[in-house]
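Visitor: Okay, sequence plus prediction incoming.
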Amino acid sequence: MTPVRRRDLVVLAGGLAVASWLLVRSFYGSMPALDWWLPLPLGVLAVGEALGARTLRARLAALREARSPKRQEPPPQQPAPALVRPVEPLLVARLAVLAQASAYVGAIFTGIWAGVLAHVGPALGRLQAATGDSVTAVLGVLCAAGLVAAALWLESVCRVPPEDQDPTDGARA
């Protein structure tokens, strides 16, 4: 699996920002009001992925430390550390796929909410509905960008660290 390219996310968000700006500009008068809670599921997902990334990083670090040959014995006055729960490799693979999908979804919604904000932001003084819609759009951009950041962090936590030695040592073609 290859990591998500940041350039692809930026291009996706930029293209959808332009497209949603054009659509909102054309149909803003016939659109229903945007409720402030619409982007909150993206924020909840971002918080969940960030907490998952933090937990997985801590578990993987404890597992690597337990397997390390340079492990030092604890001083006699401290109790021995508890056994480290192993991390299922399939779980890490599934989390990596979730992180990649969430990064793309976050980029899509960042572009959409940015396009909405690009239209309603300048209309704050002219349109009464633009005030509530701009608050929703700002929340949408923040929640979606948070989802992208949390997804990229989770993806980086799921990466396999490089080996200390060359894995092809001893194998000659």
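Guide: Noted; the coordinates are in hand. Numbers count the residues shown, from 1 in each chain.

Visitor: In the host helix or strand of A149, which residues are buried?
Guide: Per DSSP states H and E, A149 falls inside helix 130-157. For helix 130-157, burial by neighbour count (16 or more other C-beta atoms under 10 Å) applies to 130, 133-134, 136-148, 150-155, 157. Yep, even glycine has a C-beta here, placed from its N, CA and C like the rest.

Visitor: List the contacts of the residue nearest the centre of the chain.
Guide: Geometric centre of the chain, nearest residue: A151, 2.1 Å, by C-alpha atoms, centre = their mean. Contacts were defined as C-beta atoms under 8 Å, 6 or more residues apart in numbering; by that measure A151 touches V4, A46, E49, L98, A99, Q100, A101, S102, A103, G106.

Visitor: Next one: it relative to G14, how far apart?
Guide: Using C-beta to C-beta, to the nearest Å, A151 is found at 18 Å from G14.

Visitor: dump the residue contacts of the nearest residue to R159 once chain neighbours are set aside.
Guide: Nearest residue to R159, sequence neighbours excluded (C-beta to C-beta, 6 or more residues apart in numbering): P3, at 7.4 Å. With contact taken as C-beta under 8 Å, 6+ apart, P3 is in contact with E155, S156, R159.

Visitor: Tell me, how many residues neighbour the closest residue to the first one other than its chain neighbours?
Guide: Going back to what we said before, that points to E155. Once flanking residues are discounted, E155 sits nearest to A99: 3.9 Å by C-beta to C-beta, 6+ apart. As a burial measure, A99 scores 23 neighbours (other C-beta atoms under 10 Å).

Visitor: Report the separation between A99 and A144.
Guide: To A144, A99 is 15 Å away according to C-beta to C-beta.
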